[in-house]
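**Q** Give the three-dimensional model of this entry:
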Amino acid sequence: MAKVTAMDVYKLLPQTNCEDCGEASCMAFATKLSEKEADLTLCTELSDKKFKKLDDLLAPAVKEIIIGKDEKAKIIGGDEVLYRYEESYYNQTVLAVDVPDDLDDSDFEKRIKQIEDLEFERTGESLKLDAIALRNKSGDPEKFANCAKKLKSSKYPVFLVTFDPIAMEKALAFIGDDRPLIYAATKDNIFDMADLATKYQCPITVFSPGDIEKMKDLVFTLRSNGVEDIVLDPGTLTGDAIGDTLDNFVMSRRLAVEDKDEDFRYPLLGVPALVRLNNEEDDDIKKGTMEATIASTLMNKYADVLILKGNEIWELIPILTLRQSLYTDPRKPQAVDPGIYEFGDVDENSAVLLTTNFSLTYYTVEGDLKSGDANCYLLVLDTVGKAVDVAIAGGQFDGESVADLVKETGIEDMVKTRKLIIPGLAAPLSGEIEDETGWNVMVGPRDSSAVPDFIDEKF
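**A** Residues are numbered from 1 along each chain as shown. Okay, the predicted model is just below:
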């Protein structure tokens, strides 16, 4: 699908250059719209007809759906392309964890707390889960509804997982105004679930395992009944059938992006939890590893939502870190602010280290310095978010730029020593840095985990 250009947008704008939108011209506004940096509603002179045309033109291939509301709201979908190198992916895959409704009160509360408290930091970003998938395992509508009521105060949005319209309606009576995700409409309950989605204005999932033609029919039925916010679950077939699952995910997304098939232009949902739910024989480590593998694979193949069973940190770290990588704009290197950072108790005799402002480099060095209880200053050079070796090759890391950094940070007024520890990969620049800065350059280890010991030995 061809990307919408600024000129495509400009042709439909009033072209009056009124500046009401905050831009100097309609062409400038068109450019912002085409890059998703402005809101179409800012144009005050658009007729209803032109607004509808522009809204349709700018709409992503995959519709954006909101699950939850207010501070709990999560946006899924919104994809424009099949491959990230064509354009950045925008809305992260939402990760929900399965919670059965047959747990006793203490176990139920404990599991919710584990889900809500799970969080760790990587390259300066806090990684955590997004939603709770309440499953009607008991088959009891009253028990399901009571558990839903308990989740009213949860900090995460809720997926209501049952094929029973009676149980669904009882649960919606408690949390329907929080915009939970209804899971799921099937060929057997499609009309009852459609009525509930319309009544409570909630997004709804269509479940058609292994049959995307049937899924298309179900989506058409929902659309014909006025339901607009739909999520697609083509089925997560595990074991030997995982290839069929991937085929259905890829085919569904291709139909949305390349063919703009109206019945497929919706977010995709996968259920890696089925690896555990359908397997009672293997041990937890094996099942957890397989679940994480399938979750990662589906995320790579366009899953906008995943329902997981395991909530142990060892299982979730690879899923969360993969998601972070996939949804980092490859056109914009991750970087931290250049400047000077202090670690431990520093004084005029403390060591001075140098690194680049590439996030992964900086946070790796930071973690190693903290874990090693190092006392030092760290100078962070602006290399436009490039790692040491890449910055050296690209010319952003050289003697002159290091000399400028030394002057700008005022480090010379903070320490009596004139010794600068540079990364091991920057060894070829040691002489140049010495000439430009007038400091004695020491080549440090190639691995920052060895830096604390290096400092202890040399200082």
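**Q** Centre-most residue in the chain?
**A** Central residue of the chain (CA atoms, centre = their mean): residue 92, 3.1 Å from the mean position.
**Q** In contact with the closest residue to that one other than its chain neighbours, which residues?
**A** Setting aside the residues directly before and after it, residue 92 is nearest to residue 327 in space (CB to CB, 6 or more residues apart in numbering), at 4.7 Å. Yep, even glycine has a C-beta here, placed from its N, CA and C like the rest. If a contact means CB atoms under 8 Å, 6 or more residues apart in numbering, then residue 327 has 88, 89, 90, 92, 93 as its contacts.
**Q** Which pLDDT value belongs to the last one?
**A** In this case it means residue 93. Residue 93 is assigned 97 on the pLDDT scale.
**Q** got it, and the first one?
**A** Per-residue confidence at residue 88 stands at 78 (pLDDT).
**Q** I'd assumed residue 29 was in contact with residue 17.
**A** No - taking contact to mean CB atoms under 8 Å, the distance of 9.1 Å between residue 17 and residue 29 leaves them out of contact.
**Q** sorry, back to before: against residue 326, how distant is the residue nearest to the centre of the chain?
**A** Counting by CB to CB, to the nearest Å, the gap between residue 92 and residue 326 amounts to 8 Å.
**Q** For residue 199, see how far away residue 302 is.
**A** According to CB to CB, residue 302 stands 30 Å off from residue 199.
**Q** of these two, who's got more company?
**A** When residue 302 is set against residue 199 and neighbours are counted by other CB atoms under 10 Å, the residue ahead is residue 302, at 22 against 11.
**Q** Give me the secondary structure label for that one.
**A** The local conformation at residue 302, judged by DSSP: H, G, I helix; E, B strand; the rest coil, is coil.
**Q** Report the contact partners of the nearest residue to residue 102 once chain neighbours are set aside.
**A** Nearest-residue entry for residue 102: residue 138, 4.3 Å, with adjacent residues in sequence omitted and distances by CB to CB, 6+ apart. For residue 138, the set of contacting residues under the criterion of CB under 8 Å, 6+ apart consists of 100, 101, 102, 144.
**Q** isn't there a strand covering residue 138?
**A** No - when the secondary structure is assigned by three-state DSSP, residue 138 falls in coil instead of a strand.
**Q** which one of residue 17 and residue 29 has more residues nearby?
**A** Under the criterion of other CB under 10 Å, the comparison of residue 17 against residue 29 puts residue 29 first, with 27 against 15.
**Q** The more buried one belongs to a helix?
**A** Yes - membership of residue 29 in a helix is supported by three-state DSSP.
**Q** ok, residue 364 touching residue 447?
**A** No - if you go by CB under 8 Å, residue 364 and residue 447 don't touch, sitting 9.3 Å apart.
**Q** I'd like to know how many residues surround residue 364.
**A** The burial metric for residue 364, expressed as a neighbour count using other CB under 10 Å, is 16.
**Q** Over to it. Which of the three states is it?
**A** When the structure is split into helix, strand and coil by three-state DSSP, residue 364 lands in helix.
**Q** now swap in the one 4 residues further on and tell me
**A** Residue 368 carries the three-state label helix when classified by three-state DSSP.
**Q** Pull up the gap between it and residue 343, please.
**A** Between residue 368 and residue 343 the distance is 10 Å, computed by CB to CB.
**Q** Comparing the two, which shows the higher neighbour count?
**A** Higher neighbour count among residue 368 and residue 343: residue 343, with 21 against 17, using other CB under 10 Å.
**Q** Report the contact partners of that one.
**A** Residues 366, 369, 370, 374, 375, 376, 377, 378 are the ones in contact with residue 343 under the rule CB under 8 Å, 6+ apart.
**Q** any chance of those in a markdown table, plus distance to residue 349, neighbour count and pLDDT?
**A** What follows is the contacts of residue 343, written out as a markdown table (distance: CB to CB, whole Å; neighbours: other CB atoms under 10 Å; pLDDT from 0 to 100):
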| residue | distance to residue 349 | neighbour count | pLDDT |
| --- | --- | --- | --- |
| 366 | 22 | 19 | 94 |
| 369 | 17 | 22 | 96 |
| 370 | 20 | 12 | 95 |
| 374 | 14 | 24 | 94 |
| 375 | 9 | 19 | 95 |
| 376 | 11 | 21 | 96 |
| 377 | 11 | 20 | 97 |
| 378 | 16 | 21 | 97 |
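**Q** ok, of these, which one's closest to residue 423?
**A** Sorting these by how near they are to residue 423, with CB to CB, puts residue 378 at the top with 11.2 Å.
**Q** filter the contacts of residue 138 to the buried ones?
**A** Those of the contacts of residue 138 that meet the buried threshold are 100, 101, 144, by 16 or more other CB atoms under 10 Å.
**Q** Surely the first one is in contact with residue 132?
**A** It stands for residue 100. No - in this structure residue 100 lies outside contact range of residue 132 using CB under 8 Å: 11.4 Å.
**Q** Run a quick neighbour tally on the nearest residue to residue 181 once chain neighbours are set aside.
**A** Leaving out its chain neighbours, the residue that sits closest to residue 181 by CB to CB, 6+ apart is residue 159, at 4.4 Å. One way to gauge burial is a neighbour count; for residue 159, by other CB under 10 Å, it gives 28.
**Q** What residues are bridge-paired with residue 159?
**A** When assigned by DSSP bridges, residue 159 has beta-bridge partners residue 133, residue 181.
**Q** Distance of it relative to residue 328?
**A** Counting by CB to CB, the gap between residue 159 and residue 328 amounts to 26 Å.
**Q** go on, residue 57?
**A** Distance check for residue 57 against residue 328: by CB to CB, it reads 28 Å.
**Q** How about residue 76?
**A** 18 Å.
**Q** isn't residue 449 right up against residue 368?
**A** Yes - under the criterion of CB under 8 Å, residue 449 makes contact with residue 368 at 4.8 Å.
**Q** Check the secondary structure at residue 213 for me.
**A** helix.
**Q** Pull the number of nearby residues for it.
**A** Other residues close to residue 213 by other CB under 10 Å number 7.
**Q** Read off the pLDDT value for it.
**A** Among the per-residue scores, residue 213 shows a pLDDT of 96.
**Q** Ok, residue 331 next?
**A** Confidence at residue 331, expressed as pLDDT, is 69.
**Q** Need the nearest residue in space to residue 177, chain neighbours excluded.
**A** Leaving aside its sequence neighbours, residue 177 is closest to residue 200 (7.4 Å, by CB to CB, 6+ apart).
**Q** any low-confidence regions in the protein?
**A** Screening the chain residue by residue with the criterion pLDDT under 70, one finds the ranges 1-2, 331.
**Q** what does the domain assignment say about it?
**A** Domain assignment for the chain by automatic domain parsing gives 6-58, 65-326, 339-458.
**Q** In CSV, list the ones you listed along with distance to residue 333.
**A** Putting the domains of the chain into CSV (distance: least, CB to CB, whole Å) gives the following:
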stretch, distance to residue 333
domain 6-58, 18
domain 65-326, 11
domain 339-458, 3
